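In: here is my input; please provide its structure:
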Amino acid sequence: MGGTTTGGSTTGGSTTTAASTTTGGSTTTGGSTTAASTTTGGSTTGGSTTTGASTTTGGSTTTAASTTTGGSTTTTGSTTTSASTTSVGTTATTTTRTKAPVQPVVVIAAIIVEPFVKELNNRESAQFQTLEARVVAVYDVIYRRRFGLLFIRTFVIAFRPAVIRRRMENTEAVVGVEFNNTASSTDIPQSEDVAKTLIEAVSNSSNNFNLSVEIDSIKVVQTTAAPTLNTTATTNTMTNAATSTIAATTITFSTTTTTVATTTTTTPTTTTSVATTAEAVTTRQLTFRSAGETFTSDLLNSSSAAFTSRAAMIKSTLEPFYQKAFPSFRSLTVISFRNGSIINTMNLGFASTSVPNDSQIANTLVSAASNITAFNIDTTSISVNGTQVSSGVNHKISLITASFLVLLSWLLSSQQ
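Out: Numbering: from 1, shown residues only. The predicted structure is shown next:
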């Protein structure tokens, strides 16, 4: 500090300049402050000059006061500048949500040689549940034997009337065949293999199933592919830029934010239809009488409960005997009942490549008769395609043969 003093007066005064740097000092926001100068003890020439350095950031102004004592002039300039920058990096978060995969299912439709009744429209009915149990039992055996651990189960989706040109409507069964979804896509059977497996099984006469399926009706209705996994990816990006500028302790913050991107994958469903080659089938009509049983008029109506019940009983009883006797046997369908005790008429279907003769068909029924108790079989009343064949003997005699026998009898008698 330097100065010139004359007679106790101060000329030009003394000038003190202090520069201070303060971080985190006092805070003044949205206004200005000016401190007055104060002079004590003496005369002042040239007065007191106060200069405050003012720095404004973000709208705030700070003015520092100056104080003069004993004729000295003090000028204080206070400038506080603090610049800090804080950056928060970018964080990326990916969340994957995977839906539980469903089991792959092939839906097969086939006509079951079973009279369709309205109760089969109701899943809770005894008729539906009885036929369902028979169908599932046979299908499970077929597919478990063929596919092993890849096969899970079969289940009946619906029964519906089959469109056929016969007096009695059969039943079309729509069945789901479910496979294991843990297997690779190459191991899961193709729909063609599923249909072919059923065709081969019901065509094989050594399989003595208690269910008759029309081979040419088997087809794939729908295939539900093992689905592609649905994934949702969420990316969170956060950037926080905080800049603090303190001019006389004034702080300004700037912040921003979050971006979310979502991706959804849709899985298509593929439907495949399989065409199968129809097998030629030859039909033989079989008739026999149930002696001692009472005929009722409702047996004339193929839609009545009495008709469907007796038809189902005869079918389920006789089919195993014909399946065992003839590899070419395909179906048995009861078509009518008539009065005369009860006269039963039915159609037997055989592969056209190997059709047994009338006597063979009749003899199979004769052999079975002694083992059947559900209904009576008069073995002397059996006929095939209108030809009476009782106990395995053909009783159809041509007119020529009869005429010859009469002539022979007359000649013999005339010689006596």
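In: what about the closest residue to Leu300 other than its chain neighbours, which helix or strand?
Out: Closest residue to Leu300 apart from its sequence neighbours, by C-beta to C-beta, 6 or more residues apart in numbering: Phe337 at 7.1 Å. Heads up, the C-betas are built off the backbone N, CA and C, glycines and all. According to DSSP states H and E, Phe337 maps onto strand 329-339.
In: partner strands of that strand and their direction?
Out: strand 342-351 (antiparallel) (DSSP bridges).
In: ok, back up a step: quick check: the residue nearest to Leu300 vs Asn301, distance?
Out: 10 Å (C-beta to C-beta, to the nearest Å).
In: okay, now the unreliable bits of the chain?
Out: Within the chain, the ranges that satisfy pLDDT under 70 run 1-103, 163-168, 224-277, 390-402, 416.
In: hmm, Ala280 is touching Ala351, no?
Out: Yes - the pair Ala280 / Ala351 is scored as a contact, 7.2 Å apart, by C-beta atoms under 8 Å.
In: neighbour count winner among the two?
Out: Ala351 (18 against 9; other C-beta atoms under 10 Å).
In: what count of nearby residues applies to Val174?
Out: Neighbours of Val174 using other C-beta under 10 Å come to 15.
In: after the helix or strand where it lies comes which helix or strand?
Out: Using DSSP H and E, Val174 falls within strand 171-179. Toward the C-terminus, strand 171-179 is succeeded by helix 191-203 as the next helix or strand (DSSP H and E).
In: what ranges does the stretch 301-416 of the chain have for its helices?
Out: 305-325, 358-369, 399-415 (DSSP state H, counting those that start in this stretch).
In: the inter-axis angle of the shortest one versus strand 342-351?
Out: Which is helix 358-369. Here the directions of helix 358-369 and strand 342-351 differ by 120 degrees (axes from the mean of the first three to the mean of the last three C-alpha atoms, to 10 degrees).
In: next: the longest one.
Out: The directions of helix 305-325 and strand 342-351 differ by 40 degrees, with the same axes, to 10 degrees as the criterion.
In: which outside residues touch helix 305-325?
Out: Here helix 305-325 makes contact (C-beta atoms under 8 Å, 6 or more residues apart in numbering) with 113-115, 117, 168, 205, 207-210, 212, 296, 298-302, 329, 332-334, 337, 342, 344, 346, 348, 356, 360, 364-365, 367-368, 372, 374-375.
In: likewise for stretch 357-365?
Out: 284, 286, 288, 318, 321-322, 325-326, 348, 377, 379, 382-385, 387, 389-390, 392, 394.
In: can you rerun that using 10 Å?
Out: 284-286, 288, 318, 321-322, 324-326, 329, 348, 350, 355-356, 366, 372, 377, 379, 382-394, 396 (C-beta atoms under 10 Å, 6 or more residues apart in numbering).
In: which of those residues are buried?
Out: The neighbour-count test (16 or more other C-beta atoms under 10 Å) marks 284, 286, 288, 318, 321-322, 325-326, 329, 348, 350, 355-356, 366, 377, 379, 382-384, 388-390 as buried among those.
In: tell me the SS of Thr294?
Out: Secondary structure assignment for Thr294 (DSSP: H, G, I helix; E, B strand; the rest coil): coil.
In: that one and Asn207: what is the separation?
Out: Thr294 is 37 Å from Asn207, by C-beta to C-beta.
In: also Ser359?
Out: With C-beta to C-beta as the criterion, Ser359 and Asn207 are 26 Å apart.
In: look at Phe337 and Asn301 and report which has more neighbours.
Out: Phe337 (24 against 12).
In: so who does the more buried one touch?
Out: Phe337 neighbours (C-beta under 10 Å, 6+ apart): 290, 295-296, 298-302, 306-307, 310-311, 314, 343-346.
In: drop anything exposed from these.
Out: Ser290, Leu299, Ser302, Phe307, Arg310, Ala311, Ile314, Ile343, Asn344, Met346.
In: separation between the last one and Thr154?
Out: By that I understand Met346. In terms of C-beta to C-beta, Met346 sits 29 Å off from Thr154.
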